[in-house]
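**Student:** Below is the sequence, then the predicted model.
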Amino acid sequence: MAIKQAGMEVDTDFAPKIQELEPVQGSGVAASKFPVSPELLRALPADFVKLHKILPLKIQDGCLHIATATPGNARVIDDIRLLTGLEVVEEVFPAEEIAETVTERYQVTVEKMIEKMAAGRAVGGEGKTLHDIEVMANEPTVVNLVNLIVSTAIQERASDIHIVPFENFLQLRYRIDGLLQETAPPPRQLHAAIVSRIKIMADMNIAERFMPQDGHIQIHHRGARVDIRVGTMPTIYGESLVMRLLEKSNRVQTLEELGLDPARATTLSRLVAKPHGLFLTTGPTGSGKTTTLYSILQSIYRPELKILTIEDPVEYEMPGVAQIPVRPTRNFTFATGLRAILRQDPDVVMVGEIRDSETAEIAIRAALTGHQVFSTLHTNDATGAVTRLVDMGIEPFLVSSSLEGVLAQRLVRRICSHCRVTSPAAPALRHQLEAISGGQISSELFQGTGCEECRGTGYRGRVGIFELLAINNELRDLILQKRSNAELKAAAQRTMVTMHQDALEKAAAGLTTLEEILRVSSGDLLE
């Protein structure tokens, strides 16, 4: 079933698991190549323009100029004359450019739909019964609005959608490049219907509004499959909802594309090529640890290796790799799954996260018995992984014997390449940069001025800053002696490029800014 709404068709039929979502153009996309005024867009109906793949360009000397890829269609020209009362002049353009502009100019955005709903005083869900809210959740207006919210998030490369109720308003935010960006919210009275609609899509219990719930949605968007994890949390003003978007068709990036320089990428390749041992990636939540592990698995994959992963959830699908999601509701955790995996004769095992001592001990013993094991930990730096494992109750001799390397990382926003300009570096910073680079750093740094491509932020995309710790004999001895993290760090820094150095080098190279590094690191990388 399709509902026509404000010049577009939005699919309202959602299958229980795989759902089709119409692409919707967000407000942050660059303007099209065709300068078309809003008044001219109303000269022809949206359905007519989309059907015949044309675009009104201008009115000049009593003639309507249109863009078309297939000129000479007398029937279309006669229809345009009838609709507008003007003569028609055809101008030939590539079909792809016309289609892109039609999509941009004629599609409904979240902001436009919310304005329309506010003007129409949409009936809300306050004070309604559960049955009333369920009926509202399936009404075309709410269905279309939820579709638009999700489609816009995908278009804007958002990783999360946050819908949070307050006493007098509803907050809608997208997390783009790691930062939350607020957008025009739906009317407060539609909160219950929107949350219920998303719960229906995620096979969640819409009657339960006072306990946290988790759900899962799979949609198709422009031919790509997107997995959405849904989580609700009761607040004093209603349920707060977060949707995490994972596009399954995304290509796994190489280590160099993630931001690792060639020299350390070579060292990392040597560490992960060993037939057994434990390799960890560390950093706070959202720092890209799992993405790095996928890149490592891709780099070592060979048909003769059996690679198994256990994850929560499976974020990327890798051909040739058996990937297993944990299911806590069925008591299938990282620890129980890892035990089962080791009975499947694997060569390489990836554990999504070491969360407890049981998982840590199984992973380390697997590394000692001839398996390559990769996993993640939440620590601030590379050497912190050692002390974290010991704090979990792992004996230092087991850590010393099994651990081969640790890659600590953060994600910082890239300066937008479309509006990047140079800016002078402060004298103190210039001195630091010159000391790190041997005097090769320019006195100028870079920043983004803000443009349509980056939504005025000056940033577009993200890049990693890293420190790679290779466990050598000196460090193994210090681990056996139960030395402190400070002593381990001092020893490691004699041979390791720290995140401090990597961050400043990336700022000097024009990849990011010092302000962004300070935001991500709270200043600890520049001390």
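**Tutor:** Ah, there it is.

**Student:** hey, let's count contacts and neighbours off CA atoms from now on
**Tutor:** Fine.

**Student:** Now do the SS call for Ser149.
**Tutor:** If you look again at residue 149, you'll see it is Ile, not Ser. With DSSP: H, G, I helix; E, B strand; the rest coil as the basis, Ile149 sits in helix.

**Student:** what about it, how many residues close to it?
**Tutor:** When neighbours are defined as other CA atoms under 10 Å, Ile149 has 21 of them.

**Student:** One more: the one 3 residues further on?
**Tutor:** Look at Thr152: counted by other CA under 10 Å, it has 21 neighbours.

**Student:** Then Leu83?
**Tutor:** Neighbours of Leu83 using other CA under 10 Å come to 12.

**Student:** Please apply the same query to the one 3 residues further on.
**Tutor:** Taking other CA under 10 Å as the neighbour definition, Leu86 ends up with a count of 17.

**Student:** my guess is Leu478 meets Ala490, correct?
**Tutor:** No. With contact defined as CA atoms under 8 Å, Leu478 does not reach Ala490; the gap is 11.1 Å.

**Student:** Neighbour count for those two, which is higher?
**Tutor:** Leu478 (17 against 12).

**Student:** What pLDDT does the model give that one?
**Tutor:** The confidence metric pLDDT takes the value 95 at Leu478.

**Student:** Report the contact partners of it.
**Tutor:** Leu488 (CA atoms under 8 Å, 6 or more residues apart in numbering).

**Student:** Now the helix or strand hosting it: buried residues?
**Tutor:** Taking DSSP states H and E as the definition, Leu478 sits inside helix 473-480. Going by neighbour count (16 or more other CA atoms under 10 Å), the buried part of helix 473-480 is Leu475, Arg476, Leu478, Ile479.

**Student:** what do you get for stretch 196-210?
**Tutor:** Ser196, Arg197, Ile198, Lys199, Ile200, Met201, Ala202, Met204, Ile206, Arg209.

**Student:** Return the member of these nearest to Ser423.
**Tutor:** Ile198 (45.6 Å; CA to CA).

**Student:** what's the nearest residue to the closest one if we skip its chain neighbours?
**Tutor:** Val146 (7.4 Å; CA to CA, 6 or more residues apart in numbering).

**Student:** Residue ranges in the stretch 301-450 of the chain under the pLDDT threshold?
**Tutor:** When residues are selected by pLDDT under 70, those of the stretch 301-450 of the chain lie in 425, 428-443.

**Student:** same thing but at 80, please
**Tutor:** Applying pLDDT under 80 to the stretch 301-450 of the chain flags residues 329, 423-444.

**Student:** for it, what spans make up the strands?
**Tutor:** Counting by DSSP state E, counting those that start in this stretch, the stretch 301-450 of the chain has strands at residues 307-311, 322-325, 348-351, 372-377, 403-415, 420-424, 444-448.

**Student:** nearest to Gln501, of those strands?
**Tutor:** Closest to Gln501 of these is strand 403-415 (CA to CA; 12.5 Å).

**Student:** what's the angle from the closest one to strand 372-377?
**Tutor:** When axes from the mean of the first three to the mean of the last three CA atoms, to 10 degrees is applied, the directions of strand 403-415 and strand 372-377 differ by 50 degrees.

**Student:** Check which helices and strands strand 403-415 sits against.
**Tutor:** Counting contacts by 3 or more CA pairs under 8 Å, 6 or more residues apart in numbering; DSSP states H and E, strand 403-415 packs against strand 277-282, strand 444-448, strand 459-470, helix 514-521.

**Student:** can you list contacts of the shortest one?
**Tutor:** For strand 444-448, the external contacting residues (CA under 8 Å, 6+ apart) are 415-417, 419-425, 457-459, 507-510, 512-513.

**Student:** at 10 Å what do you get?
**Tutor:** Outside strand 444-448, the residues that touch it by CA atoms under 10 Å, 6 or more residues apart in numbering are 414-426, 430, 454, 456-460, 507-515.

**Student:** List buried residues within those.
**Tutor:** 414-421, 425, 430, 454, 458-460, 507-508, 510-514.

**Student:** Okay, now the unreliable bits of the protein?
**Tutor:** 1-43, 45-47, 50, 82-83, 99-141, 221-224, 247-252, 329, 423-444, 521-527.

**Student:** Three-state assignment for the residue nearest in space to the middle of it, please.
**Tutor:** A centroid search over the chain (CA atoms, centre = their mean) returns Ser159, at 3.3 Å, as the residue closest to the centre. For Ser159, the assignment made with three-state DSSP gives strand.

**Student:** surely it meets Val226?
**Tutor:** No. When contacts are counted by CA atoms under 10 Å, Ser159 is not listed as touching Val226 (11.1 Å).

**Student:** how about the strands in the stretch 1-150 of the chain?
**Tutor:** Under DSSP E, counting those that start in this stretch, the stretch 1-150 of the chain gives strands at 2-5, 8-11, 18-21, 54-60, 63-68, 87-92.

**Student:** Report all helices and strands that the longest one contacts.
**Tutor:** The criterion is 3 or more CA pairs under 10 Å, 6 or more residues apart in numbering; DSSP states H and E, and the helices and strands that strand 54-60 contacts are helix 38-41, helix 46-52, strand 63-68, strand 87-92, helix 95-106.

**Student:** Give the pairing partners of that strand; include direction for each.
**Tutor:** Note on strand 54-60: by DSSP bridges, its sheet partners are strand 63-68 (antiparallel).

**Student:** The strand it pairs with to helix 95-106, inter-axis angle?
**Tutor:** Using the same axes, to 10 degrees: strand 63-68 against helix 95-106 is 120 degrees.

**Student:** can you pull the buried residues of strand 63-68?
**Tutor:** Buried residues in strand 63-68 (16+ other CA under 10 Å): Cys63, Leu64, His65, Ile66, Ala67, Thr68.

**Student:** Let's have those in JSON lines, adding distance to Leu260.
**Tutor:** Output for the buried residues of strand 63-68, formatted as JSON lines (distance: CA to CA, whole Å):
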{"residue": "Cys63", "distance to Leu260": "57"}
{"residue": "Leu64", "distance to Leu260": "54"}
{"residue": "His65", "distance to Leu260": "51"}
{"residue": "Ile66", "distance to Leu260": "49"}
{"residue": "Ala67", "distance to Leu260": "46"}
{"residue": "Thr68", "distance to Leu260": "46"}
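
**Student:** Pull up the distance across stretch 173-185, start to finish.
**Tutor:** 8 Å (CA to CA, to the nearest Å).

**Student:** Just the helices from the stretch 301-450 of the chain, written as ranges.
**Tutor:** Under the criterion DSSP state H, counting those that start in this stretch, the stretch 301-450 of the chain contains helices at 334-341, 357-368, 384-391, 396-402, 427-437.

**Student:** how close does Glu358 sit to Glu404?
**Tutor:** Applying CA to CA, the value for Glu358 to Glu404 is 20 Å.

**Student:** what about these two, which has more around it?
**Tutor:** For Glu358 versus Glu404, neighbours defined as other CA under 10 Å are more numerous around Glu404 (21 against 15).

**Student:** Tell me which residues touch that one, please.
**Tutor:** Per CA under 10 Å, 6+ apart, neighbours of Glu404: 271-272, 274, 276-280, 367, 469-472, 476.

**Student:** From Leu40, how far off is it?
**Tutor:** On the measure of CA to CA, Glu404 and Leu40 end up 65 Å apart.

**Student:** Also Thr512?
**Tutor:** Relative to Leu40, and taking CA to CA, Thr512 is found at 41 Å.

**Student:** do Arg222 as well
**Tutor:** Distance from Arg222 to Leu40, by CA to CA: 28 Å.

**Student:** Ok, Arg494 next?
**Tutor:** Arg494 is 66 Å from Leu40, by CA to CA.

**Student:** Over to Glu247?
**Tutor:** 36 Å.

**Student:** more neighbours, these two?
**Tutor:** Glu247 (20 against 14).

**Student:** Skipping its backbone neighbours, what lies nearest the more buried one in space?
**Tutor:** Using CA to CA, 6+ apart, the closest residue to Glu247 is Val226 (4.3 Å).

**Student:** correct me, but that neighbour touches Lys248?
**Tutor:** Yes. The pair Val226 / Lys248 is scored as a contact, 5.7 Å apart, by CA under 10 Å.

**Student:** about what we covered before: mind putting the strands of the stretch 301-450 of the chain into CSV with distance to Glu256?
**Tutor:** What follows is these, written out as CSV (distance: least, CA to CA, whole Å):
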stretch, distance to Glu256
strand 307-311, 23
strand 322-325, 24
strand 348-351, 21
strand 372-377, 19
strand 403-415, 14
strand 420-424, 22
strand 444-448, 21
